[in-house]
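**Q** Turn this into a model:
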Amino acid sequence: MSHKCLHAFQIMIILAVAIILSACTGPGDETGTGIPSTSDPSVSPTPDTSQPDGVARSFMDAWERGDYETMYGYISPTSQAEYTLAEFTTTYSSATEEMHLISLEVNEKSLLISPNGDTAQLAFQVKYHTLIIGDIIRDLSMSLVLRDDVWGVVWRPSLIFEELAGGGILQFEAETPSRANIYDRNGQWLVSANASAVTITIIPGQVGDSYEDQMLELLSRVLRMDPEVIKQQYDSAPSDWSVALGDVDLETYQANRSALSSYPALGAIDKTGRRYFNVLASHVLGYTSFIQEDQLAYYQDLGYTGDEIVGQYGIEQWGEEYLAGTRGGTLSIWTPGGTFVEIASKDPEPAQSIYTTLDRDLQIIVQDAIEEAYRVSGETWVTTAGGAAVVVLDVNNGDVLALYSYPTFDPNIFHPYNNHPLSTDSYLQGLFTNPFRPLLNRATQGAYAPGSLFKVVSMTAALESGIFTVDSSYTCTGQWNETGNFVRYDWLEGGHGPLTLSQALTASCNPWFYHIGYLTGQQDYNLIPDYAREYHLGQPLGIILEEVPGLIPDPDWLWETRGETWTINDSINIAIGQGDVLVTPLQMAVLIAAIANGGTLYQPQFVDRIGLIAEAPSVITEPVMLGQVDISSDTLAAIRESMYGVTSNPSIGTAAYRFRGIEIPVAGKTGTAQVSGVGAPNAWFGGFAPYDNPEIAVVVLIENGGQGSSVAAPIFRRIVEKYYGLTVNPYPADWGNPDTFDFVEEGQVGE
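**A** Model (predicted):
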């Protein structure tokens, strides 16, 4: 029987079997042999590999799965002799990579068998779903041959694209849009793709001893670097060398040009590149660098070639899809004749700029306030201090207006094309080995005991429990021992005398709050922890930056983590924000903002809008409520009034002496949190302004800085004064040493 007659006979047999099976089973049923009915559309029949169309279909099914080894098994012996499995596999995998192929669909259109039945021609269509260009559809033809009663595919690279015949090479040329800028809320640039900058240089031999200190102080302000770090860069260099000290943005340079020019040793070199304005908000904006080895597979799956510069931290990383734009490119084949044949192309879509919630001018105020504080504090608190953090929120929507973690880092050094003078192995190594951890965002990743700042939570629990009212009175003798087994002390020797609960928060009287912890704990150990969580402490805020949740301990946590039973002493400790309580400065700013605005907890937002310049934004961020604090308006009003007393009551306000003469009313709370194993406590101050019409919440933390009223409060005041254009009060001469003041008239200084 001829191959042609055999083929017709086999088709008749298959059709007959199909008719018999369909007559014996109903739709969706199975035969007694367990074979699914061919009427079930969800079941694909197994191709008959004894026929050319069955072999072709099996080959194409394996292609759709990316199973190149199985595909190779269906090609003819002659083709296998011409192409090894490795060559075959490489051809397909290379094409997949060049196309940035996601998936493909292959469908046969028609089959033509030769008269003698030993060859066949299959017309088929392949649809390539590519990541960058989109869908590419090609109509192709596949030859099959029968040898020793086995059909095989006659394979050539042209089965992928016809133009690959004869040794053509598939190439993809990517078109990448320029990386977009990052702006503040008012459209002032924070990160620019093509900004002008100036490298400050120095010739060591021309530095005069009489003015070196003043010159270093100026350079420190301009470059935002410690004077000692600046001096180390040129101190051991040859006297006639021109040493690059650091980069400064053109605006900053022009503002200080006259002062810099007055020192003959200093020079300047112009340059351009992706710049971060004046090293502002580095922990928010992040930085860019080449794709790292462990990121390569991830970015290649997104259509990157692997040699791009991408965001590695902060908004640069979070906003990569917007800032990088959408890649385009041209897929073409370089023919043996030496010409390019375009297969498909797509234009890139421009990158979109990100407008942050930050206020650039306020961010400068915040950073200058901290950096000056560390610079002028002399031999006071800075000798024990670690890093610092400041957060400023809009109390009415949660926008982050400023956020600073000190010490900071210069994001310009990470960009490979910036040629930054500090881009040396030693400097980069210093960032990672510096004990002050400059890369740590203390505002969101630092977890700290809040100390007396937490007394706001304890006062909430006291009032909401019904155990106390704002007029409840307690006499503070300076010592507390209601448990009968352990004496605890007030920060003020001799105590505060009789105080109402409202006055207790103003005076930050420890025995009063021990008393609260003692009585609320007797009613319910979970009372204070529950109200802390009501303020969203001890849990993530869901922000776009890396954060830690902090910790609000309770009886369940203590048992599960340590196998210990909660006692009344734990309730007493938590009432003053000590023990195992840990919060982030950003969490405390959210709490302060909620107290200021009437109880709404807003998720902190860092992005205001996203879009192309001069066009309507594609993304507009709306305020996100984390919840409404479930406490009475009377309780909130009482807390606000007590916090106002902290800054205004000259008799008992713990920070009133720091706010004498301030031109607008502000409210706040001091905090001095003991740190296990470290002598100096963490200094906190959190508050809002103006008191009578709150707009901003500000939290200041100085690690191991000492007392909150002595150290953190003046920084809070400086930020408020500069932001509102008020008379700026000098930083205190007694900084870190409050005992040098006479407090008879102004009231004793608090913690």
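**Q** How many residues are close by Tyr417?
**A** 10 (other C-beta atoms under 10 Å). Any C-beta I mention is one placed from the backbone N, CA and C, and that applies to glycine too.
**Q** no no, Gly679
**A** 9.
**Q** any idea how far it is from Tyr287?
**A** 35 Å (C-beta to C-beta, to the nearest Å).
**Q** Does anything pack onto the stretch of helix or strand Ala637 belongs to? Which helices or strands?
**A** For Ala637, the host element (DSSP states H and E) is helix 633-648. Other elements packing on helix 633-648 under the criterion 3 or more C-beta pairs under 8 Å, 6 or more residues apart in numbering; DSSP states H and E are helix 455-464, helix 501-507, helix 585-597, strand 667-673, strand 682-689.
**Q** other SSEs contacting the first one?
**A** Yep, that's helix 455-464 we're talking about. Helix 455-464 packs on helix 501-507, helix 510-523, helix 527-534, helix 585-597, helix 633-648, going by 3+ C-beta pairs under 8 Å, 6+ apart.
**Q** swap the cut-off to 10 Å and go again
**A** helix 501-507, helix 510-523, helix 527-534, helix 568-574, helix 585-597, helix 633-648, strand 667-673 (3 or more C-beta pairs under 10 Å, 6 or more residues apart in numbering; DSSP states H and E).
**Q** deepest of the ones you listed, which one?
**A** strand 667-673 (a mean of 31; mean count of other C-beta atoms under 10 Å).
**Q** ok, that one: who's next to it in the sheet?
**A** Strand 667-673 pairs in its sheet with strand 682-689 (antiparallel), by DSSP bridges.
**Q** got the angle for the helix or strand that the strand it pairs with is followed by vs strand 682-689?
**A** Under the assignment DSSP H and E, the closest C-terminal helix or strand after strand 682-689 is strand 696-702. Counting by axes from the mean of the first three to the mean of the last three C-alpha atoms, to 10 degrees, strand 696-702 lies at 170 degrees to strand 682-689.
**Q** Give me the below-cutoff pLDDT ranges for the protein.
**A** Low-confidence segments of the chain (pLDDT under 70): 1-45, 418-427, 736-751.
**Q** any idea how it splits into domains?
**A** Using automatic domain parsing, the domain ranges for the chain come out as 1-45, 52-157, 168-356, 445-740.
**Q** Columns distance to Thr433 on top of these, output as JSON lines?
**A** Compiled in JSON lines, the domains of the chain are given as follows (distance: least, C-beta to C-beta, whole Å):
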{"stretch": "domain 1-45", "distance to Thr433": "60"}
{"stretch": "domain 52-157", "distance to Thr433": "39"}
{"stretch": "domain 168-356", "distance to Thr433": "14"}
{"stretch": "domain 445-740", "distance to Thr433": "18"}
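**Q** And those: which comes nearest Asp394?
**A** domain 445-740 (6.5 Å; C-beta to C-beta).
**Q** chain center to the closest one: distance?
**A** With C-alpha atoms, centre = their mean, to the nearest Å as the basis, domain 445-740 stands 26 Å off its chain's centre.
**Q** Check stretch 179-191 too.
**A** 17 Å.
**Q** Start the count at 22 instead of 1 going forward.
**A** With the count now opening at 22, the last piece we talked about shows up as stretch 200-212.
**Q** do you know how far Leu579 is from Gly598?
**A** Distance from Leu579 to Gly598, by C-beta to C-beta: 17 Å.
**Q** More neighbours: these two, which one.
**A** Neighbour count, other C-beta under 10 Å: between Leu579 and Gly598, Gly598 has more, with 27 against 18.
**Q** any idea whether that one is helix, strand or coil?
**A** At Gly598, secondary structure determined by DSSP: H, G, I helix; E, B strand; the rest coil is coil.
**Q** For it, what are phi and psi?
**A** Phi and psi for Gly598, reported as degrees, to the nearest 10, are phi 70, psi 30.
**Q** That one: what's it in contact with?
**A** 469-479, 534, 553, 604, 692-695, 705 (C-beta atoms under 10 Å, 6 or more residues apart in numbering).
**Q** From Gln695, how far off is the nearest residue to it once chain neighbours are set aside?
**A** Using C-beta to C-beta, 6 or more residues apart in numbering and skipping residues adjacent in sequence, the residue nearest Gly598 is Phe475, 2.8 Å away. Per C-beta to C-beta, Phe475 is found 13 Å from Gln695.
**Q** Looking at those two, which has the bigger crowd around it?
**A** Phe475 (29 against 14).
**Q** center of the chain - which residue?
**A** Leu566 (2.6 Å; C-alpha atoms, centre = their mean).
**Q** Which residues are in contact with that residue?
**A** 304-305, 307, 334-336, 338-339, 421, 424, 462, 464-466, 607, 625, 627.
**Q** Now intersect those residues with the helices, please.
**A** Of the contacts of Leu566, the ones assigned to helices by DSSP state H are 304-305, 335-336, 338-339, 464-466, 607.
**Q** Tell me the one among the residues you listed nearest to Ala754.
**A** Ala464 (29.0 Å).
**Q** ranges for the helices of the stretch 222-371 of the chain?
**A** 233-244, 248-256, 271-282, 303-306, 317-322, 335-339, 341-344 (DSSP state H, counting those that start in this stretch).
**Q** Tell me which of those helices lies nearest to Gly359.
**A** helix 317-322 (29.8 Å).
**Q** Determine the set of other helices and strands touching that closest one.
**A** Using 3+ C-beta pairs under 10 Å, 6+ apart: helix 317-322 touches no other helix or strand.
**Q** what helix or strand is Ala195 on?
**A** Going by DSSP H and E, Ala195 is part of strand 190-196.
**Q** which secondary structure elements does that strand contact?
**A** helix 106-120, strand 349-355, strand 361-367.
**Q** thinking again about what came up before, going by neighbour count, which of the contacts of Leu566 are buried?
**A** Among these, those classed as buried by 16 or more other C-beta atoms under 10 Å are 304-305, 307, 334-336, 338-339, 421, 424, 462, 464-466, 607, 625, 627.
**Q** which residues touch stretch 228-240?
**A** Taking C-beta under 10 Å, 6+ apart as the rule, stretch 228-240 contacts 221, 223, 246-252, 255-256, 260, 266-267, 269, 277, 280-281, 283-287, 396.
**Q** try it again with 7 Å
**A** Stretch 228-240 is contacted by residues 221, 248, 251-252, 266, 280-281, 284, 286 when judged by C-beta atoms under 7 Å, 6 or more residues apart in numbering.
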